[in-house]
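S.K.: Sharing a model prediction with you, sequence too.
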Protein chains: 2
Amino acid sequence: MKENEQQLDEIVSSFRRISHAFQQLLWKDAEELDITPTQLIVLRKLSVNPDIGITELAELLHLGNSAASGVVDRMVKAELITRQRSEIDRRIFNLALTDKGIDIRERSKQSLRTHLLPLTNIPLEDVGELLRIHGEIVEILEQGREKKKL
Amino acid sequence: MKENEQQLDEIVSSFRRISHAFQQLLWKDAEELDITPTQLIVLRKLSVNPDIGITELAELLHLGNSAASGVVDRMVKAELITRQRSEIDRRIFNLALTDKGIDIRERSKQSLRTHLLPLTNIPLEDVGELLRIHGEIVEILEQGREKKKL
DNA sequence: GTAAAATAGTTCGCATTCGAAGTATTAATG
DNA sequence: CATTAATACTTCGAATGCGAACTATTTTAC
């Protein structure tokens, strides 16, 4: 039983550590572009999925609605994206990149390539394993969450 | 090249997702104890490593100094831990659990066991693989960081 | 067709996290 | 011994993230 707890601790700790390391590196990328890591990801997501609403964006970012709302708000103020009411359903906003947003997104591709390039040294089969095990964990965690809701 | 970028995106996305799922579950645990996930981890770390200072705590949590300082501050106010100047080196604080902190820590063991138990269903060899690949990634990421510093 | 329920966003208060710049204390260097 | 450097920690402003409670709009149901 004690070993169990220690192993769980190791897993949680490992995720904390790696999250931190990722955040640190993404910050370096973002800093050069006068932006934040989260906003960088928003630019990428919007570029791949144009004209989505805030709820959809929140899902893509694995965020709550309120958090996404705040990020969008700051990005609109920074003129990186636009937020326009949908004509069809006036509850929804259509988010789109501005020229400035597109520009930063393009430049971010370069710096991301530079800084994350070392990650391509990870063997392909390890990436597969990683994603598989992560999937396993997420499933378990979200199942636990479902149960709590009932 | 395009596939590379997509794979990196998948990795980053996977980590975001799993961090989120973990946070959600730890919150459930913590909520019942009138505490936050970070504070729960602090209790655990302090319980295993008594009388450490704030810098050491920050390292264990994979946090910056200022963040750790804030967490400790709130926990002292909540009377979960104490912060006493070391007599030997008056720059250092010695952190220790209060009775209340010990109590919550003990109760947290129970609820952690309950909520994280499903995670013990992950095959042992997968846990090993996970930690190994995480180690690989952290090493790559931190190497990139070292380089930037020079 | 109107009342109720569902959906999309916002706002609030709070905790967490960062880096940069500051204070205090100790150690090292001359 | 005094100046300087290093270490431990705090404080600041800003961004991120949460859930709960709110407004506005659309859909569903009676």
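M.R.: Everything's here; your move.

S.K.: How about the contacts made by the closest residue to residue A:57 other than its chain neighbours?
M.R.: Beyond its immediate neighbours in the sequence, the residue positioned closest to residue A:57 (CB to CB, 6 or more residues apart in numbering or on different chains) is residue A:68, lying 5.3 Å away. For glycine as for every other residue, the C-beta is placed from the backbone atoms N, C-alpha and C. For residue A:68, the contact set (CB atoms under 8 Å, 6 or more residues apart in numbering or on different chains) comprises A:54-55, A:57-58, A:61.

S.K.: Most neighbours among the residues you listed, which one?
M.R.: residue A:57 (23 neighbours; other CB atoms under 10 Å in any protein chain shown).

S.K.: just how off-centre is whatever helix or strand that residue lives in within its chain?
M.R.: Using DSSP states H and E, residue A:57 sits in helix A:54-61. The chain centroid and the centroid of helix A:54-61 are separated by 10 Å under CA atoms, centre = their mean, to the nearest Å.

S.K.: residues contacting the residue nearest the centre of chain A?
M.R.: Ranked by distance to the mean C-alpha position of chain A (CA atoms, centre = their mean), the top residue is residue A:61 at 4.2 Å. Neighbour list for residue A:61: A:38, A:41-42, A:45, A:68, A:71, B:16 [criterion: CB under 8 Å, 6+ apart].

S.K.: Tell me how many other residues surround residue A:51.
M.R.: Close neighbours of residue A:51, defined as other CB under 10 Å, add up to 13.

S.K.: And the pLDDT at the closest residue to it other than its chain neighbours?
M.R.: In this structure, residue A:51 finds its nearest non-sequential neighbour in residue A:94, 4.8 Å apart by CB to CB, 6+ apart. At residue A:94, the pLDDT value in this model is 94.

S.K.: Now residue A:94: which helix or strand?
M.R.: Here residue A:94 is covered by strand A:93-97, with elements defined by DSSP H and E.

S.K.: then that strand to PDB, C-alphas only?
M.R.: This file holds the C-alpha atoms of strand A:93-97, laid out as PDB (Å, rounded to 0.1, in the frame of the first residue of the first chain):
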ATOM      1  CA  PHE A  93     -18.800  34.900 -31.000                       C
ATOM      2  CA  ASN A  94     -16.800  34.100 -34.200                       C
ATOM      3  CA  LEU A  95     -13.200  34.400 -33.400                       C
ATOM      4  CA  ALA A  96     -10.700  35.200 -36.100                       C
ATOM      5  CA  LEU A  97      -7.000  36.200 -36.400                       C
END
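
S.K.: What is the subsequent helix or strand relative to that strand?
M.R.: Per DSSP H and E, the first helix or strand lying C-terminal to strand A:93-97 is helix A:99-116.

S.K.: Kindly calculate the angle that the helix or strand that that next one is followed by makes with helix B:124-149.
M.R.: Later in the chain than helix A:99-116, the nearest helix or strand by DSSP H and E is helix A:124-149. Counting by axes from the mean of the first three to the mean of the last three CA atoms, to 10 degrees, helix A:124-149 lies at 110 degrees to helix B:124-149.
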